[in-house]
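In: sequence plus the predicted model coming up.
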Amino acid sequence: MGRVLGIEDGSSFHGAAVAALKEGVSAAINHYLADCKAMGRKPEKPASGKLMLRVAPEIHAKALVAARASGKSLNQWAAEVLAKAAHSTW
C-alpha cells in the first residue's frame, strides 16, 4: 500500500509487485484528476520553483562560504544541495 506524495487529498494505491504498484499509482493519479474534474476544481499546482527560507544567520554565513568555495552562487549551491537531499530519500 502506498500514497501519492504531492497530492494532499489522500490518493492511495496498493499492489503485491512493482508492476502492480506502478499500475496502482497511475490509476490513483487518474482517479484524482477525474475527481477534480467532476468536482469542478483544479488539481493541485506543481511547485513553482521559488523557495524562501529562514535560517539562522550562522547557517546563512556558512552556506555563503560553502557556495563561494565551490565557485557557485548561493542559489546554485542551495539548489544542488536540496536536489541531492531530495533524491536521497527515494
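Out: That came in fine, so what should we check first?

In: what residues does the lengthiest helix in the chain touch?
Out: Longest helix in the chain by number of residues (criterion: DSSP state H): helix 18-39. Helix 18-39 is contacted from outside by 2, 4, 7, 9, 11, 12, 13, 14, 15, 42, 43, using C-beta atoms under 8 Å, 6 or more residues apart in numbering. Just so you know, the C-beta spots here come from the backbone N, C-alpha and C atoms, and that holds for glycine as well.

In: how about a cut-off of 6 Å?
Out: For helix 18-39, the external contacting residues (C-beta atoms under 6 Å, 6 or more residues apart in numbering) are 4, 7, 11, 13, 14, 15, 43.

In: any idea of the pLDDT on the first one?
Out: When you say that, I think you mean residue 4. Looking at residue 4, its pLDDT stands at 74.

In: the longest helix of the chain: how far from the chain's middle?
Out: The chain centre lies 18 Å from the centre of helix 18-39; the measure is C-alpha atoms, centre = their mean, to the nearest Å.

In: go through it and flag the buried ones.
Out: Residues of helix 18-39 classed as buried by neighbour count (16 or more other C-beta atoms under 10 Å): 24, 25, 28, 29, 32.

In: and the last one, what's its pLDDT?
Out: The confidence metric pLDDT takes the value 87 at residue 32.

In: thank you kindly, that will do.
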